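S.K.: quick one: sequence plus predicted model below, questions after.
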Amino acid sequence: MNIRSRQLGERLLQRMAEKRWGVREMSRRLEVSAQWVSSVTRGQVRPDPVRLARFLTELGVRGAEFRELMALGDEMRKPGLLEKPLQLRTLIWHEERATAISQFHGCLVPGLLQTADYARNLISEIGNATEPDHIDELVFARMSRQVILDKQPRVAFEFYLHEFVLRLPIGRGAPEVMRGQLGHLVRLSDRSHVSIRVVPANRGGHPAMAGHFQLIESKDFTPVIHIDSEISSLFLEETPDVVAYRRVLGGLDQIALDRAESRRFIADL
């Protein structure tokens, strides 16, 4: 079971839920076993193109979505996934099922830790959106992801933030934006399951200089590395890739301030 198979299964389940069809009803309509339908929707079986096309047709899937899901089925054996920007479906799916998330960022506060004011100003200053309604939608989507910070059972979070993240003045000269954001980080760092650690600038080069990334772990799937950019989101799941990023996290652990030192550092700022 890899990212593509999980994503295809989730999309099929969503479509079935919209029609209020369970596995038995779907199997009756397709004239196949309920076990096969269950295996496909759980990402455990790669359906052949003819069966998948019939599955989608029965669900009323057409046009671009039909082509997208057929492509997912065709590429299910390939590890990893490259996704277009602003499509958070795959990321949210993995975050909602996570038991541990480790993340590094060198230039901005990660979305899971952002205040609404910081997110709104950041989106405006980057220029990805200019219309107020569009900015509101992006801020709402980012804030909605943060429900996993209060998830039960709790997810173990580990964030490494370079000192530059804390000193970069988001908000176009409005100090209350950064003051509010830094205060939010201090409050979050008091939670036992949220570790926020600062990588000081005076330590010079560090293992994560290649860029930001996120490691998502779960009992439901093998570890996944998520890397986003201006034009795409990349998901890596092959063992050598995961091992390489675990090595980076190990290096950051060696040079970052500990939790108490990091809290004081942020509070002083």
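M.R.: That came in fine, so what should we check first?
S.K.: which residue comes closest to the residue positioned nearest the centre of the chain once chain neighbours are left out?
M.R.: Taking Cα atoms, centre = their mean, the centroid of the chain lies closest to Leu91, which sits 3.3 Å from it. Residue nearest to Leu91 in three dimensions, not counting chain neighbours: His226, with 6.0 Å by Cβ to Cβ, 6 or more residues apart in numbering. Bear in mind the C-beta positions are built from the backbone N, C-alpha and C, glycine included.
S.K.: buried sites along the helix or strand hosting the residue nearest to the centre of the chain?
M.R.: Under DSSP states H and E, the secondary-structure element containing Leu91 is helix 89-96. Residues of helix 89-96 classed as buried by neighbour count (16 or more other Cβ atoms under 10 Å): Thr90, Leu91, Trp93, His94, Glu95.
S.K.: swap in stretch 24-43?
M.R.: Buried residues in stretch 24-43, counting neighbours by 16+ other Cβ under 10 Å, are found at Met26, Ser27, Leu30, Val32, Trp36, Val37, Ser38, Ser39, Val40, Thr41, Arg42, Gly43.
S.K.: and the first one, its phi and psi?
M.R.: Pointing back at Met26 there. Main-chain torsions, Met26, degrees, to the nearest 10: phi -60, psi -40.
S.K.: heading C-terminal from the strand or helix carrying Pro240, find the next helix or strand.
M.R.: Using DSSP H and E, Pro240 falls within helix 239-255. Next in sequence after helix 239-255, counting helices and strands by DSSP H and E, comes helix 259-268.
S.K.: give me the contacts around that following helix.
M.R.: The contact list for helix 259-268 (Cβ atoms under 8 Å, 6 or more residues apart in numbering) reads 163, 166, 182, 185-186, 189-190, 195-198, 200, 256-257.
S.K.: the closest residue in space to Val45 that isn't next to it in sequence: what secondary structure?
M.R.: Closest residue to Val45 apart from its sequence neighbours, by Cβ to Cβ, 6+ apart: Ser39 at 4.0 Å. Following DSSP: H, G, I helix; E, B strand; the rest coil, the label given to Ser39 is helix.
S.K.: read off the pLDDT value for Ser39.
M.R.: Predicted confidence (pLDDT) for Ser39: 88.
S.K.: likewise for Lys84?
M.R.: Reported pLDDT for Lys84: 55.
S.K.: got a list of what Glu137 touches?
M.R.: With contacts defined as Cβ under 8 Å, 6+ apart, Glu137 has no neighbours.
S.K.: just to be sure, it is in a helix?
M.R.: Yes: under three-state DSSP, Glu137 falls within a helix.
S.K.: please indicate which of the contacts of helix 259-268 are buried?
M.R.: Counted by 16+ other Cβ under 10 Å, the contacts of helix 259-268 give Glu163, Leu166, Leu182, Leu185, Val186, Ser189, Ser195, Ile196, Arg197, Val198, Ala256, Leu257 as buried.
S.K.: Cys107 versus the first one, what's the distance?
M.R.: Using Cβ to Cβ, to the nearest Å, one gets 11 Å for the distance from Glu163 to Cys107.
S.K.: confirm for me that Ser33 is in contact with Ser27.
M.R.: Yes: using Cβ atoms under 8 Å, Ser33 and Ser27 qualify as a contacting pair, with a distance of 6.0 Å.
S.K.: residues in contact with the helix holding Pro240?
M.R.: Contacts of helix 239-255 (Cβ under 8 Å, 6+ apart): 80, 102, 104, 158, 160, 197, 199-200, 203, 206-208, 213, 215, 222-225, 236.
S.K.: try stretch 47-62
M.R.: The contact list for stretch 47-62 (Cβ under 8 Å, 6+ apart) reads 12, 15-16, 19, 26, 29-30, 32, 40, 66, 69-70, 73-74.
S.K.: before we move on, back to that, so which elements touch the helix holding Leu91?
M.R.: In terms of contacts (3 or more Cβ pairs under 8 Å, 6 or more residues apart in numbering; DSSP states H and E), helix 89-96 is packed against helix 3-18, strand 224-228, strand 233-236.
S.K.: and the longest one with strand 224-228, angle?
M.R.: If you take axes from the mean of the first three to the mean of the last three Cα atoms, to 10 degrees, helix 3-18 sits at 80 degrees to strand 224-228.
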